[in-house]
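J.: Quick one: sequence plus predicted model below, questions after.
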Amino acid sequence: MADKGRITETIMKPNDVKCVAMGWGAIEDDTAPVAFLNKINMTLKPLDWCSKTAKELTKDFPVPNEFNSEIQTCALGTGNNQSVCGGDSGGPIVCGGEGKKIIVAVLTGIVLKNCGYDTNPALLARLDFALDWILDAFPPTTSGTTTINPNTISPTHPPAHSCVSYITISFAYTFPLMFCVIQNILRYLQ
């Protein structure tokens, strides 16, 4: 069973928590999504940093990014020029140490249009925000805990459909994204 309190605590006090983002997105700008699951190491950032950075990076945009810390968080790639990219939306962000990993969020986009920049934060939909709804909509079917090891996930093809990129600027975008993510997770747990 998912632990909402642990998810919230990880997001509220990230202290540079180590995470892994997974997705079938492109490797670089203007290329097609790939046919294999990618993963990158990321660091979860404090909510005030996410808000300040999103605002600063988009200050010259016609519509600046309105980061909402109640439903969003963010993370940065830990490698040089490493970030999520187009097509990764809907992928999970798994955080924590060995034996204590937990899905804390779902990728919804990046602050800037271009990927491959380690200064461009990934925008994430907070799982604790929608967890009650998810558990009501998709009640657990077993009494045990399902452990997902990101090192052993290796499907050879992307999902039958990919989640549409949602940049979670408003509440209305969160639930369609979460539904898409749940469908993908359930497909691979079967």
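T.: The structure has been received and is ready for your questions. Remember, predicted model here, so these are calculated numbers, not experimental data. Residues are numbered from 1 along each chain as shown.
J.: Tell me which other helices or strands the helix or strand where A130 lies touches.
T.: Of the helices and strands defined by DSSP states H and E, A130 is found in helix 127-137. Secondary-structure packing of helix 127-137 (3 or more Cβ pairs under 8 Å, 6 or more residues apart in numbering; DSSP states H and E): helix 4-12, strand 102-110, helix 174-189. Just so you know, the C-beta spots here come from the backbone N, C-alpha and C atoms, and that holds for glycine as well.
J.: How much space separates V20 from S69?
T.: Using Cβ to Cβ, to the nearest Å, one obtains 22 Å as the distance from V20 to S69.
J.: who's more crowded, the two?
T.: Taking other Cβ atoms under 10 Å, V20 and S69 do not tie; V20 has more neighbours (19 against 15).
J.: and W49, which of the three is it?
T.: Counting by DSSP: H, G, I helix; E, B strand; the rest coil, the backbone at W49 sits in helix.
J.: rewinding a little: buried set for the helix holding A130?
T.: Taking 16 or more other Cβ atoms under 10 Å as the neighbour-count basis, helix 127-137 is seen to contain the buried residues 127-131, 134.
J.: Pull the distance from it to the chain's centre.
T.: Centre-to-centre, helix 127-137 and its host chain are 15 Å apart (Cα atoms, centre = their mean, to the nearest Å).
J.: got the angle for it vs helix 4-12?
T.: Helix 127-137 and helix 4-12 are oriented at 150 degrees to each other (axes from the mean of the first three to the mean of the last three Cα atoms, to 10 degrees).
J.: The closest residue to D118 other than its chain neighbours pairs with what?
T.: Using Cβ to Cβ, 6 or more residues apart in numbering and skipping the chain neighbours, the partner closest in space to D118 is G77 (4.9 Å). Note on G77: beta-bridge partners M42, judged by DSSP bridges.
J.: Can you read off the pLDDT for G77?
T.: The confidence metric pLDDT takes the value 90 at G77.
J.: Contacts only, for it.
T.: The neighbourhood of G77, defined by Cβ atoms under 8 Å, 6 or more residues apart in numbering, consists of 40-42, 83-84, 118, 122.
J.: where's it relative to K55, distance?
T.: To K55, G77 is 20 Å away according to Cβ to Cβ.
J.: what does N41 give?
T.: 26 Å.
J.: same thing with V63?
T.: Here the criterion is Cβ to Cβ. By it, V63 lies 12 Å from K55.
J.: Confirm for me that L47 is in contact with E70.
T.: No: the criterion here is Cβ atoms under 8 Å, and L47 misses it with E70 at 9.2 Å.
J.: Who has more neighbours out of the two?
T.: Remark: of L47 and E70, L47 carries more neighbours, 19 against 8, as counted by other Cβ under 10 Å.
J.: ok, back up a step: and the contacts of G77, which are buried?
T.: When burial is judged by neighbour count using 16+ other Cβ under 10 Å, the buried members of the contacts of G77 are 40, 42, 83-84, 122.
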